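**Student:** after the sequence you'll find the predicted model.
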Amino acid sequence: MVDRRTFLAGSVAGFAALAGCSGLTRPAVKVAVPWSGTELEAFRSVLRGLEPLGYRPVPVPLGDDIATVFDQHPANRPDVVLVPQPGLVAAKGEQLAPLAEPPSWPYGDVWDPLLRLEDGKLYGIPFKVTHKSVVWYRKSVFQACGLSVPERWSEWRAVNESLVKCGVVPLALAGADGWALTDFFENVLAGHAPEVYQTIALGNAPLYEPPQVRTALAGLGDMWAAEGALLGGVAGSLARQFADAVVQVFVHKRAAMVVAPDFAESVIGEFVDDMSDIGVFLFPAVEGADHRTGPRPLVVGGDVAVVVSKDNTENAHDLVNRLGTKNAPDRWITDFGGFLAANLDARPQYSEQLTVLANDIRDRDVVFDLSDRLGAIGGSGEFGSALQDFLERVGGRGADVDMTREAKRVVDELAGTGR
């Protein structure tokens, strides 16, 4: 017969062994991430794929509030942050730990000035790149209406007109999300005046100053103002968030297209089993003021891993380095979709649609979206709100709207001279 003391000793030893096997005794590395739902589960699968580790990565989902980690007391901050705005690396550099130089830099030169600060040291490793110059469309609708994907902005306008005549609403616009509107505009500006876009992105001119901004706004407004172009009109567009815009096109089939980044694929994958009708085309080239057509715009965003903890830095640095390797995101890509690896050496099994986008990023020069450089003015903050107001004033009004005046009104608001 086993006495109570022997039984308890055995139980404690058994629990300790179990804890060791399950990793509960390993130190935790807290990782703040901007994802939730399916994307959070996808990231958890990435972490599982990094095993075995001598520590436990613990995701801390913060969504749009992720930048608030830099306002927390240092003792309460996570160890690692997946920053969705690479421009924050420079803005918060004094709170970050410098990283060891990787043996190679397989991410593209465009990242380097964002992640390397004035001291010459590296403070961030790219994990995810986001292709933001994408139009998702239903192939069957284009085929039924006898349409080809547009190569230029004027051709896109003509496609929209043909779809309306064919009884199909061209666009589902996610107007409730300011970032979706700014992404749309940034592509127009980057195509219309790429040098001006770079000047603004580098902080050498305010967004409201160059006249090309007003011209790009007027061109965008012309598309939004076209009769029948927007699903649900202005009211429906302003009430619709990103995921619902994707669902309206590919599940409810109430519109032909949606302008959306590559991660729209993860939304589609939740509802659509047969991807054969899902197509993508690259944002068309935009004719300039001289009517010449430049290269297609290629606007990207990205998520960067940084170390913010001054304690347990060895484990935190190890995790950041592992997340930057070419095979780290394989499980996200194959099991969930909607992910493009920042590491250009990666050759995972992308879907047909994302293969197009991955090759595009490898083959062409990219520019970062303005929110990565300028914070709220380029994302869902004041400029997003200004574009929502712009949409409300011009949407569906056709030739009845003075687009030049409305475009000027937007830049005046941004300059603080409007309203």
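**Tutor:** Arrived safely, thanks for sending.

**Student:** so which elements touch the lengthiest strand in the chain?
**Tutor:** Longest strand of the chain, by residue count under DSSP state E: strand 299-307. Where contact means 3 or more CB pairs under 8 Å, 6 or more residues apart in numbering; DSSP states H and E, strand 299-307 is packed against strand 80-83, strand 125-131, helix 178-192, helix 313-323, strand 367-368, helix 370-374. Heads up, the C-betas are built off the backbone N, CA and C, glycines and all.

**Student:** quick one: residues contacting Glu406.
**Tutor:** Leu217, Ala218, Gly221, Phe390, Arg393, Val394 (CB atoms under 8 Å, 6 or more residues apart in numbering).

**Student:** quick check: buried residues in stretch 146-162?
**Tutor:** Leu147, Val149, Pro150, Trp153, Ser154, Glu155, Trp156, Arg157, Val159, Asn160 (16 or more other CB atoms under 10 Å).

**Student:** then stretch 126-145?
**Tutor:** By neighbour count on 16+ other CB under 10 Å, the buried set for stretch 126-145 is 126-138, 141-142.

**Student:** now do that stretch: distance to the chain's middle.
**Tutor:** How far stretch 126-145 lies from its chain's middle: 14 Å, per CA atoms, centre = their mean, to the nearest Å.

**Student:** which pair of the contacts of Glu406 spans the longest distance?
**Tutor:** Ala218 and Arg393 (12.5 Å; CB to CB).

**Student:** between those two, which one's more packed in?
**Tutor:** Ala218 (21 against 18; other CB atoms under 10 Å).

**Student:** tell me the secondary structure at that one.
**Tutor:** Secondary structure, DSSP: H, G, I helix; E, B strand; the rest coil: Ala218 is helix.

**Student:** against Ala407, how distant is it?
**Tutor:** 4 Å (CB to CB, to the nearest Å).

**Student:** that older thread, how about the buried residues of stretch 146-162 in a markdown table, adding distance to Glu195?
**Tutor:** Listed next are those as a markdown table, based on distance: CB to CB, whole Å:
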| residue | distance to Glu195 |
| --- | --- |
| Leu147 | 32 |
| Val149 | 27 |
| Pro150 | 24 |
| Trp153 | 18 |
| Ser154 | 21 |
| Glu155 | 24 |
| Trp156 | 23 |
| Arg157 | 24 |
| Val159 | 28 |
| Asn160 | 28 |
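
**Student:** may I ask which two of those residues are separated the most?
**Tutor:** Leu147 and Trp153 (15.6 Å).

**Student:** circling back: just the buried residues of stretch 146-162 now: which is nearest Ser104?
**Tutor:** Val149 (36.2 Å).

**Student:** contact partners for Ile333?
**Tutor:** Contacts for Ile333 (CB under 8 Å, 6+ apart) come out as Phe339, Ala341, Pro348, Gln349, Tyr350, Leu354.

**Student:** mind pulling up the pLDDT for it?
**Tutor:** On the pLDDT scale, Ile333 is placed at 95.

**Student:** got the buried residues for the strand or helix carrying it?
**Tutor:** Per DSSP states H and E: Ile333 is located in helix 330-335. Across helix 330-335, burial judged by 16+ other CB under 10 Å covers Asp330, Arg331, Trp332, Ile333.

**Student:** where do the strands sit along this structure?
**Tutor:** Counting by DSSP E, the strands of the chain are 28-33, 56-61, 80-83, 125-131, 134-138, 257-259, 278-282, 299-307, 340-341, 367-368.
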